[in-house]
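Peer 1: The following comprises the amino acid sequence and a computationally predicted model.
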Amino acid sequence: MTANPRRIRSRRPPTSSTGPYAGPASGSAQSVVDVLMDPYVLLTPVVNLDGTIVDFVVAEANEPARRSAVAVRERVVGGRLTDVLPRKTSMVQLLAGVARTGRPLSIDDIPFPGFTPHDPERRYSLRAMGDRRGVRVTWRDVTDAHSTAHELRNLRRLYRALADDSGAVVVRTDEHGVVVAVSPSVTDLLGWSPAEVLGQSWSDFVHGEDQPPEQVTSDESGESRMPGPFQARYRTAQGGYRYLSATTHGPEAEGECPSGEIIVIRNAPGAAVVSHLGETREQLAYLASHDSLTQVANRREFLLLTTRALERLPLDDARLAVLFVDVDGLKAVNDTLGHAAGDQLLIAVAERMTERVRHTDVVARLGGDEFLVLLPAIDSAAAAEGVASKIQDGFAVPVSIDGQCVRVTVGIGIAIAEPGQPPEAIIRHADAALYRAKHSGAGRTAVFDPAVDDVTVADVVRTSIAGSAARSLAAGFVTGAQKEKT
């Protein structure tokens, strides 16, 4: 039960003049305590009726003590200790123990919260001794010394890491993961200069899928370290990633404040194999989504990107279009110049198409001499025809293959996506429009019209006329090639 505050009394010292601490300080006694460099106070306890010490009254204070408390309370002597101390401190309880038992109190490093949320934490060494009047207390601010010792411990950790791993990259971060120190070897291993790494979040240099585990274990040296080395991909200055082995030393267990981490990365045994496997995995992912000859997207990737674009379509005001592009005369090139020349022609066609479309569009090779173009944000069929016209204009200049100038034209069919239409249906509509365009002649464009384009007929007839059309184009190609030579 809390006592009635009005019944709390202060046990004041008896009025006497025997000794400097027997009564209020005389002028000479005050002069003695004022010359002390460290703050000094004499505290008399405030005792509840049940004998519990609930506070202290400042009976004496030297000049350093008055200066240290003047910003908090103008009147120091005669004031309550709880009026001077921050709320979040157990100092009253500690000093009450000295008053009850008479045992001196000696603390070399004790954290002391600020008086306001904006004040930084300070650290003090404190000495307290009891006598019949109360408790005499002196203290000293050791915040700077504590910071220096803390920094020395960090340096010892850093030097230990450097000694154990000379030739490795040693990175030191603060408690927020920001790099505050890095060894020059980071340039040899990752290509970055130390200046480019300092001040950056170290996690930004680690692949998103390879972030290290956060749990740490304390070792015999009093440090915390991650459970063994771990493999991760680290971003290089050249834009790629490199597999390396890393060991992280966490904050020291004995420190009350977080001190960041020291990370050692190096080429551990087997790292080259891991790096090769990582590069192989990325290469396999690329090959799975790109045409091996032309390096544009393949049919699988095109369908995936078209599906995603269709899912976003209801959220956008724009429409979606697909261009079905067929190269005129590829068979003639294969028959006269060889299949290697035909491959060079396909590569050149893919390059020119990519150069003529917008950066948001996707060029893909369906197979053989057939290409697809995804226009994910198009205003109208007329806008899609504009893109098709740019593609065809890209072939106004002949393609040079093994010293031969080959004139190339492309036929293009255009289909505008309808709501709820699957990607395969849009491609079939574009194919039907292409059939009509090629039926009109080489280098033509047509937009799918359900009133005139029969998808079923296009699938069958386009295949049946491919041979005869190619033969006719071959005759024209050979003549054209010969004219170019002359």
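Peer 2: Looks like it came in fine. Numbers count the residues shown, from 1 in each chain.

Peer 1: Would you mark the buried spots in stretch 427-445?
Peer 2: 427-438, 442-445 (16 or more other CB atoms under 10 Å). Where you see a C-beta, it was placed from the backbone N, CA and C, and this is true even at glycine.

Peer 1: Residue 420: which of these is nearest?
Peer 2: residue 429 (13.8 Å; CB to CB).

Peer 1: Can you give me every residue that contacts the closest residue to the closest one other than its chain neighbours?
Peer 2: Excluding the flanking residues, the one nearest residue 429 by CB to CB, 6 or more residues apart in numbering is residue 415, at 3.7 Å. Going by CB atoms under 8 Å, 6 or more residues apart in numbering, residue 415 touches 321-322, 324, 426-427, 429-430, 432-433, 447-448.

Peer 1: and with 7 Å instead?
Peer 2: Going by CB atoms under 7 Å, 6 or more residues apart in numbering, residue 415 touches 321-322, 426, 429-430, 433, 448.

Peer 1: and those as JSON lines, adding pLDDT, distance to residue 57 and secondary structure?
Peer 2: Formatted as JSON lines, the contacts of residue 415 follow (pLDDT from 0 to 100; distance: CB to CB, whole Å; DSSP: H, G, I helix; E, B strand; the rest coil):
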{"residue": "321", "pLDDT": "94", "distance to residue 57": "87", "secondary structure": "strand"}
{"residue": "322", "pLDDT": "96", "distance to residue 57": "88", "secondary structure": "strand"}
{"residue": "426", "pLDDT": "95", "distance to residue 57": "88", "secondary structure": "helix"}
{"residue": "429", "pLDDT": "95", "distance to residue 57": "93", "secondary structure": "helix"}
{"residue": "430", "pLDDT": "95", "distance to residue 57": "93", "secondary structure": "helix"}
{"residue": "433", "pLDDT": "95", "distance to residue 57": "97", "secondary structure": "helix"}
{"residue": "448", "pLDDT": "94", "distance to residue 57": "95", "secondary structure": "coil"}
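
Peer 1: in a strand, that's where residue 139 is, yeah?
Peer 2: Yes. Assessed with DSSP: H, G, I helix; E, B strand; the rest coil, residue 139 lies in a strand.

Peer 1: Report the beta-bridge partner residues of the closest residue to residue 433 other than its chain neighbours.
Peer 2: Computed as CB to CB, 6+ apart, the closest residue to residue 433 that is not its neighbour in sequence is residue 413, at 3.3 Å. The partner list for residue 413 in beta bridges (DSSP bridges) reads residue 324, residue 446.

Peer 1: and residue 413, what does it touch?
Peer 2: 324, 430-434, 437, 446, 448.

Peer 1: Below-threshold pLDDT in the stretch 301-450 of the chain: ranges please.
Peer 2: Residues of the stretch 301-450 of the chain that meet the criterion pLDDT under 70 lie in 314-317.

Peer 1: make it 90
Peer 2: Confidence mapping of the stretch 301-450 of the chain against pLDDT under 90 gives the ranges 308-319, 328-341, 358-360, 376-380, 396, 398-408, 418-421, 440-442, 450.

Peer 1: again, but for the stretch 1-150 of the chain
Peer 2: In the stretch 1-150 of the chain (pLDDT under 90), the answer is 1-41, 49-51, 58-94, 100-102, 107-126, 131-133, 139-150.

Peer 1: what are the ranges of the helices in it?
Peer 2: For the stretch 1-150 of the chain, the helices defined by DSSP state H, counting those that start in this stretch occupy 27-34, 63-69, 81-84, 91-101, 143-164.

Peer 1: Quick one: name whatever helix or strand follows the longest one.
Peer 2: On the C-terminal side of helix 143-164, the nearest following helix or strand under DSSP states H and E is strand 169-173.

Peer 1: Tell me which other helices or strands that next one touches.
Peer 2: helix 143-164, strand 179-182, strand 261-266 (3 or more CB pairs under 7 Å, 6 or more residues apart in numbering; DSSP states H and E).

Peer 1: What residues of the helix or strand following the second one count as buried?
Peer 2: So that's strand 179-182. Beyond strand 179-182 in the direction of the C-terminus, DSSP H and E gives the next helix or strand as helix 186-190. Neighbour counts over helix 186-190 (16+ other CB under 10 Å) mark 186-187, 189-190 as buried.

Peer 1: want to try CSV for those, with pLDDT and distance to residue 178 as columns?
Peer 2: As requested, the buried residues of helix 186-190 are exported to CSV (pLDDT from 0 to 100; distance: CB to CB, whole Å):
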residue, pLDDT, distance to residue 178
186, 88, 15
187, 88, 20
189, 85, 20
190, 88, 17
